[in-house]
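> got a structure for you, letters missing:
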């Protein structure tokens with residue numbers, strides 16, 4: 001009996017020990033869950049901070065024409081509690097029309113001290129830094145030539161730097177916050193028979209600045225038209241190399257990285273699109289593609305799926321070209337010539353390319369097949385590059401037209417959502433197709449999106465999409481214009497003309 005009692009006591013002790021071990025395991029698991037639960041808020045906060053930093057980083061640089069290879073020309077800005085409101089800024093006006101020289105080049109936007117600042121130059125030979133919140137000129141720099149295209153903004157050695165080219169043959173580099181000059185570089189020595197060179201938007205990558213330059217020397221003995229691609233050290237302005245491109249005008253370079261290679265795409269006005277593999281050591285031609293007609297703009301590049309270039313011409317068609325090989329994927333015709341860049345974006349999971357035409361319409365096409373998703377008739381020839389952006393989860397596209405208005409349309413359906421007055425040209429008339437006019441950009445503020453556009457009436461406008469705006473117009477397409485003409489014709493033929501004939505009798 002005593003032996004059995006001892007065995008029972010040992011069993012009880014083992015069972016109690018086992019229960020204690022099990023309880024300890026449960027406590028350890030519960031404690032671990034509590035520790036993970038306590039860590040989750042910190043993890044979410046860290047992800048939020050990282051997302052915020054990425055959103056701000058989008059406004060930290062503007063490395064090429066239209067901001068990105070896709071050409072969406074939209075930027076995220078953390079503007080605190082203040083919203084972006086109506087503003088019209090006017091610089092030093094230039095009244096004399098000169099073919100190829102716009103009143104304003106296209107703008108670029110960057111965050112400076114947490115404030116959205118637009119950089120824009122034009123025919124008055126001045127680069128302006130405009131504070132969109134304070135409605136003031138932050139700084140300005142006068143050059144000795146016209147500024148016909150957008151600047152680019154890059155972070156070089158820890159500071160934001162603005163680069164631009166002027167027709168005085170110089171490249172300028174200034175600090176974005178206060179405009180302090182860092183360096184200037186003369187690309188081409190002057191001659192007494194030299195026409196104004198054309199220097200367009202630089203492209204920045206890997207501490208290197210790439211820029212195109214077209215030179216026309218009218219001397220009888222050395223008459224020549226030459227275009228070059230220059231590579232400069234972004235920190236010092238030192239010329240690394242130059243590559244001859246064409247015997248005629250060229251457009252701004254657009255670049256992207258495909259794998260470990262940096263490719264630059266440069267169209268010549270005569271229609272020759274060239275691709276170069278570039279580095280600080282030099283440029284290697286990769287392929288070339290002959291467009292069907294004159295090309296006024298630069299390509300948009302879609303790199304998310306199969307890398308593809310999109311470029312329009314004065315033949316009126318938009319071409320999709322393989323970015324690696326230069327092989328045409330598809331082309332689609334519009335009703336008139338295409339002057340400016342296309343842009344790419346996603347609408348409801350579908351990748352689309354948007355382009356404006358002189359047939360008064362904005363088009364949206366599928367990137368993979370070229371199928372026309374919609375065509376939105378507007379009130380005038382579409383002269384600007386489209387700007388793609390999102391507002392409250394809704395994708396929108398903004399373009400400017402020759403009816404002196406800027407239109408905003410739904411990127412999914414093409415339906416008009418808003419329009420704004422941009423004012424008439426500063427001259428009596430403009431020559432269509434000779435000048436690449438300014439294109440709008442979208443700036444995301446704390447209370448919504450605002451469109452910034454340098455108009456040919458001499459003003460740089462800020463158009464907020466939400467709230468009241470003194471520049472807002474009735475959103476209507478060319479259907480309304482034609483209906484108005486029909487009504488006028490009916491009234492004239494049915495009322496005014498019979499009255500006039502009756503009086504003559």
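On my side now, so go ahead. No experiment lies behind these values; they were computed from the predicted model shown.
> quick one: neighbours of residue 99, just the number.
9 (other CB atoms under 10 Å). Using the backbone N, CA and C atoms, a C-beta is placed for each residue, glycine as well.
> contacts only, for it.
431, 434-435 (CB atoms under 8 Å, 6 or more residues apart in numbering).
> will you turn the residues you listed into JSON lines that also has pLDDT, secondary structure and neighbour count?
Below are these laid out as JSON lines (pLDDT from 0 to 100; DSSP: H, G, I helix; E, B strand; the rest coil; neighbours: other CB atoms under 10 Å):
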{"residue": "431", "pLDDT": "79", "secondary structure": "coil", "neighbour count": "10"}
{"residue": "434", "pLDDT": "85", "secondary structure": "coil", "neighbour count": "13"}
{"residue": "435", "pLDDT": "90", "secondary structure": "coil", "neighbour count": "21"}
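> same list (these) but as JSON lines, adding distance to residue 185.
Output for the contacts of residue 99, formatted as JSON lines (distance: CB to CB, whole Å):
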{"residue": "431", "distance to residue 185": "33"}
{"residue": "434", "distance to residue 185": "29"}
{"residue": "435", "distance to residue 185": "26"}
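> now the strands for the stretch 251-400 of the chain?
254-258, 261-267, 272-279, 282-290, 300-302, 308-312, 317-322, 328-333, 343-347, 350-356, 361-366, 372-377, 387-391, 394-401 (DSSP state E, counting those that start in this stretch).
> who does residue 233 bridge with?
Using DSSP bridges, the bridge partners assigned to residue 233 are residue 208.
> any idea of the pLDDT on it?
Residue 233 is assigned a pLDDT of 98 by the prediction.
> please look at it and residue 206 and confirm they touch.
No - in this structure, residue 233 is not within contact of residue 206 by CB atoms under 8 Å, at 10.8 Å.
> more neighbours: which of these two?
A direct count of neighbours by other CB under 10 Å for residue 233 and residue 206 places residue 233 higher, at 16 against 10.
> what sits against the more buried one?
Residue 233 neighbours (CB under 8 Å, 6+ apart): 207-209, 240, 280.
> and for residue 233 and residue 206, which residues touch both?
residue 280.
> rewinding a little: most neighbours of all the contacts of residue 233, which one?
residue 209 (26 neighbours).
> what about residue 134, how many neighbours?
12.
> list the contacts of it.
residue 115.
> how far away is it from residue 89?
12 Å (CB to CB, to the nearest Å).
> how about the helices in the protein?
Secondary structure of the chain (DSSP state H): helices at 2-58, 478-491, 497-504.
> if I average pLDDT within each of the ones you listed, which one is lowest?
helix 2-58 (a mean of 44).
> low-confidence ranges, this protein, go.
1-59, 78-82, 94-95, 475-489, 491-492, 504-505 (pLDDT under 70).
> swap in 80 and give it another go.
1-59, 77-83, 93-96, 219-223, 305, 428-431, 474-495, 497-505 (pLDDT under 80).
> tell me the domain boundaries of it?
Following automatic domain parsing, one finds the domains of the chain at 61-474, 475-505.
> deepest of these, which one?
With neighbours defined as mean count of other CB atoms under 10 Å, those peak in mean count at domain 61-474, which reaches a mean of 20.
> ok, now which ones touch residue 213?
Here residue 213 is in contact with 165, 187-188, 197-199, 227-228, 230 (CB under 8 Å, 6+ apart).
> okay, it and residue 496: tell me how far apart.
In terms of CB to CB, residue 213 sits 58 Å off from residue 496.
> do the same with residue 378
30 Å.
> check residue 204 too.
For residue 204 relative to residue 496 (CB to CB), the value is 61 Å.
> please apply the same query to residue 333.
41 Å.
> still on that earlier bit, of all the strands of the stretch 251-400 of the chain, which lies closest to residue 72?
strand 387-391 (4.4 Å; CB to CB).
> okay, now the sheet partners of the closest one, with direction.
strand 394-401 (antiparallel).
> what angle do the strand it pairs with and strand 343-347 make?
150 degrees (axes from the mean of the first three to the mean of the last three CA atoms, to 10 degrees).
> ok so, going back, among the contacts of residue 233, which one sits closest to residue 466?
Out of the contacts of residue 233, the member with the shortest distance to residue 466 (by CB to CB) is residue 209, at 37.4 Å.
> gap between residue 401 and residue 359?
11 Å.
> could you do residue 229 as well?
Counting by CB to CB - residue 229 and residue 359 are separated by 33 Å.
> wait, what's in contact with residue 350?
Here residue 350 is in contact with 366, 373 (CB under 8 Å, 6+ apart).
> what of residue 162?
Neighbours of residue 162 in contact, by CB under 8 Å, 6+ apart: 108, 110, 119, 127, 129, 151-153, 172-176.
> again, but for residue 201
Per CB under 8 Å, 6+ apart, neighbours of residue 201: 64-65, 106, 149-152, 164-165, 211, 252.
> report the two of the residues you listed separated the most.
Taking CB to CB, no two of the contacts of residue 201 sit farther apart than 106 and 211, at 15.6 Å.
> show me the beta-bridge partners of residue 321.
Applying DSSP bridges, one finds that residue 321 bridges with residue 309, residue 328.
> these two touch, right, it and residue 274?
No - look at residue 321 against residue 274 with CB under 8 Å: they stay out of range, at 11.6 Å.
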